[in-house]
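Trainee: what follows is a predicted structure for the sequence shown.
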Amino acid sequence: MTRQPLPGQDGIARLSGGPTSIVEAIEQRLEPGTVRLDSEVVAIETKENDLRVHLRDGAVARCATAILATPLRIAVERIRIEALDPRLSGVMLQTPTWMAQHAKAVILFKTPFWRDRGLSGRVASRIGPLVEIHDHSPENAELGALFGFVGWPAKDRQQDPETLEAEIRRQLVRCFGADAARVERVILHDWALEPLICSQADIAKPPEHPDVGPDLLRQGHLDDRLWFAVSETSDVSPGLIEGALVAGQTAAQRILSKR
Ligand SMILES: Cc1cc2nc3c(=O)[nH]c(=O)nc-3n(C[C@H](O)[C@H](O)[C@H](O)COP(=O)(O)OP(=O)(O)OC[C@H]3O[C@@H](n4cnc5c(N)ncnc54)[C@H](O)[C@@H]3O)c2cc1C
């Protein structure tokens, strides 16, 4: 048997309230009613020196500048963008959305019982079905939670979710002992089934981490009226949460510098 050391996690920190808390804090600085949820953009066109952003429900928003923060492949596959440079749409289609075809499982327990035995809750497995597991318990440890990345391909996990859940339960007992059988709830979330995240191109191709893309992704288009700011456009950590923050800042700075 050979030992496989896991990558270090020194300096890891918890974001209180999760990543959503960043979005909520920014939203509080906007006029009430500015953010419209559940509004799918289906087309963007230029009209009378403005952009018209068409929503699925038929509404049209008029704006001087739009920043599109959707996955790049989704933008090409699902949004009709008038006069988009074919070089740009080619780069967008070639840019994978990181983890788009993956699934996660969250398993809830009454308590984070593994901590009582000095265990971190962290697992790396080549057998699975969870190939990586982390302690996901809330800050006050009022309940126990583990989360893991599902190693089964999208087709297999969608064909037989019951067997997947049974195998996850078996794996947890293998790793954490009999206490792990006292599961309160298993929550599976499959991003491959999210039509606004996982594109046809992501399903068709093997998972890949995006490289830093060309500056074309970070430039203005349609006479500097249309910009892109999803994580995969970032020149730092593309595809990751850090990349999403940098992409937003880059787009904002570039737009403001043109005023
Ligand atoms: C399973 C999984 C695990 C991950 N693990 C990690 C990790 O451990 N660390 C890490 O740093 N990153 C991780 N990531 C990546 C991280 O989630 C992304 O980098 C981050 O969410 C990107 O943020 P974003 O705002 O750029 O895009 P997203 O969070 O993808 O947001 C894009 C939004 O655009 C919306 N949208 C799409 N099309 C339209 C449309 N036509 N109209 C309106 N809205 C639309 C979508 O609904 C979505 O809300 C993971 C991703 C997945 C799927």
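Mentor: Thanks, I have the structure now.
Trainee: CA only for contacts and neighbour counts going forward, please
Mentor: Fine.
Trainee: residue 196: which element?
Mentor: If you go by DSSP states H and E, residue 196 is not part of any helix or strand.
Trainee: is it true that it touches residue 74?
Mentor: Yes - assessed by CA atoms under 8 Å, residue 196 is found in contact with residue 74 at 6.4 Å.
Trainee: looking at the two, which has the bigger crowd around it?
Mentor: Neighbour count, other CA atoms under 10 Å: between residue 196 and residue 74, residue 74 has more, with 20 against 17.
Trainee: any idea how far residue 115 is from residue 124?
Mentor: From residue 115 across to residue 124, the span is 17 Å (CA to CA, to the nearest Å).
Trainee: more neighbours, these two?
Mentor: With neighbours defined as other CA under 10 Å, residue 115 and residue 124 compare such that residue 124 has more, 16 against 12.
Trainee: next one: phi and psi at the more buried one?
Mentor: phi -120, psi 130 (degrees, to the nearest 10).
Trainee: would you confirm that it contacts residue 133?
Mentor: Yes - in this structure, residue 124 is within contact of residue 133 by CA under 8 Å, at 6.5 Å.
Trainee: which residues touch stretch 152-172?
Mentor: 101, 102, 103, 128, 129, 130, 180, 181, 183, 186, 192 (CA atoms under 8 Å, 6 or more residues apart in numbering).
Trainee: which of these has the largest number of neighbours?
Mentor: residue 130 (24 neighbours).
Trainee: from the ligand, how far out is the residue nearest to that one when sequence neighbours are not counted?
Mentor: Leaving aside its chain neighbours, residue 130 sits nearest to residue 150 (4.6 Å; criterion: CA to CA, 6 or more residues apart in numbering). In this view, residue 150 and the ligand are 9 Å apart by CA to the nearest ligand atom, to the nearest Å.
Trainee: repeat that for residue 225.
Mentor: The value you get for residue 225 to the ligand, if CA to the nearest ligand atom is used, is 17 Å.
Trainee: many thanks, have a good one.
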